[in-house]
Structures are given as structure tokens and as C-alpha cells.
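A.B. asks: Quick one, what's the 3D model for this:
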Amino acid sequence: MGDTDAADGTDLRAVLPRLLQLGTLMNRSGLVERAMKRIGADLDRPGLSIILSLHMTGKPMRVGEIADRMQVAGPHVTRHLHVLERRRLVSGLPDPDDRRARLVALTPDGTEIADRYVTTLLGWFGDALGGWSPSDRRTFYDLLLRFTDDLAAFLSAIGEEDE
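C.D. replies: Residues are numbered from 1 along each chain as shown. Below is the predicted model:
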């Protein structure tokens, strides 16, 4: 396993409480529920996650691709897709690359919900960073992206070792 002290002398133990606090803030503050309430969306978290996955990619996806992005099993996604289809937030399309497969696409109503949700969250995050300089914001964005990508790659690699 890795060393808790970085080469520059930074102790990762000092950062851990803040990472845990951030996780708690994101999960327990009701941020997702607050944003859904603000935009008037009556969705559960999995349904919202599906809509956001489709929105972020900007293109129709297969159920398996959505499940991979959400890190859940395909049948879990399928159950929630049925609800979203009945509500006319997503629709199924034939996959031009495989006649046996179907793609899932956002409908205009699904896109509208995703747009409103993302706008609400970004507005709140922007307000929270309102006192930061543009340089600090840029540094934060760059380092957060890098950390997230590196952590995801590391966790994927150690997950494969466990199999």
C-alpha cells in the first residue's frame, strides 16, 4: 500500500478528515433531494442517476453502459428505466450497430429535468466558491479532476486484483 506521507512532506492523514467531511456533506446534507425539490422533480436517486448519465454523455446509451457508469448491475437499471419510460423521461431506440440491442435516450422532458438539476447544483457550487479567485477555482477544478481520475483508476486496479 501507499505511504501516507507524500514526498513533499504533506501528511495525507491531515487531508483524510476533510475528504470524509466532503463525503458526508455530499451524502447526508440532502443535496440531491434539495436540488430535486428545488426543480420540482419527483424522482428517486437511481432514476436521477440514469437521467444524469444520459445527459452527461449527450448521446443514447445501452443499458449496460448506463449500469457501468452507475456502477450497478444491468437489471437494476432496467427496473428504473421502465418507470422513466412510463413517465416519458427516456425512450428506447433501436441500436444501429446491433439489431438485438436497444439504446436509451433522454426525451425533451428528461433533458429539461437534467438541465434544471445541473443548473441548480452548479449555481450552489458556484455560490460556495464565490469568494475564491479565478486562479484558485481553476487550480481546484484541475486538481479535483486529476484526483478523481487517479483514484478511480487506482480503485479499479485494486478491484481487479481482488477478483
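A.B. asks: Centre of the chain to the longest helix anywhere in the chain, how far?
C.D. replies: The helix spanning the most residues in the chain, taking DSSP state H as the definition, is helix 134-162. On the basis of C-alpha atoms, centre = their mean, to the nearest Å, helix 134-162 is displaced by 14 Å from the centre of the chain it belongs to.
A.B. asks: Would you map the helices across the protein?
C.D. replies: Here the chain has its helices, by DSSP H, at 12-28, 31-39, 45-57, 63-70, 74-86, 108-128, 134-162.
A.B. asks: Please name whichever of those is nearest to Gly92.
C.D. replies: Set against Gly92 and scored by C-beta to C-beta, those come closest in helix 74-86, at 6.9 Å. All C-beta spots, glycine's among them, are computed from the backbone N, C-alpha and C.
A.B. asks: So which bits of the closest one are buried?
C.D. replies: Along helix 74-86, the positions that meet the burial threshold by neighbour count (16 or more other C-beta atoms under 10 Å) are 77, 80-81, 84.
A.B. asks: again, but for stretch 96-111
C.D. replies: Neighbour counts over stretch 96-111 (16+ other C-beta under 10 Å) mark 102-104, 106-107, 110-111 as buried.
A.B. asks: Straight-line length of that stretch, end to end?
C.D. replies: Its first and final residues considered, stretch 96-111 spans 22 Å by C-alpha to C-alpha, to the nearest Å.
A.B. asks: hmm, who's touching that stretch?
C.D. replies: For stretch 96-111, the external contacting residues (C-beta atoms under 8 Å, 6 or more residues apart in numbering) are 50-51, 54-55, 59-63, 66, 81, 84, 87-95, 114.
A.B. asks: Out of those residues, which end up buried?
C.D. replies: 50-51, 54-55, 60-63, 66, 81, 84, 89-91, 114.
A.B. asks: Any idea how far the longest strand anywhere in the chain is from the middle of the chain?
C.D. replies: Ranked by residue count under DSSP state E, the longest strand found in the chain is strand 98-106. The chain centroid and the centroid of strand 98-106 are separated by 22 Å, computed with C-alpha atoms, centre = their mean.
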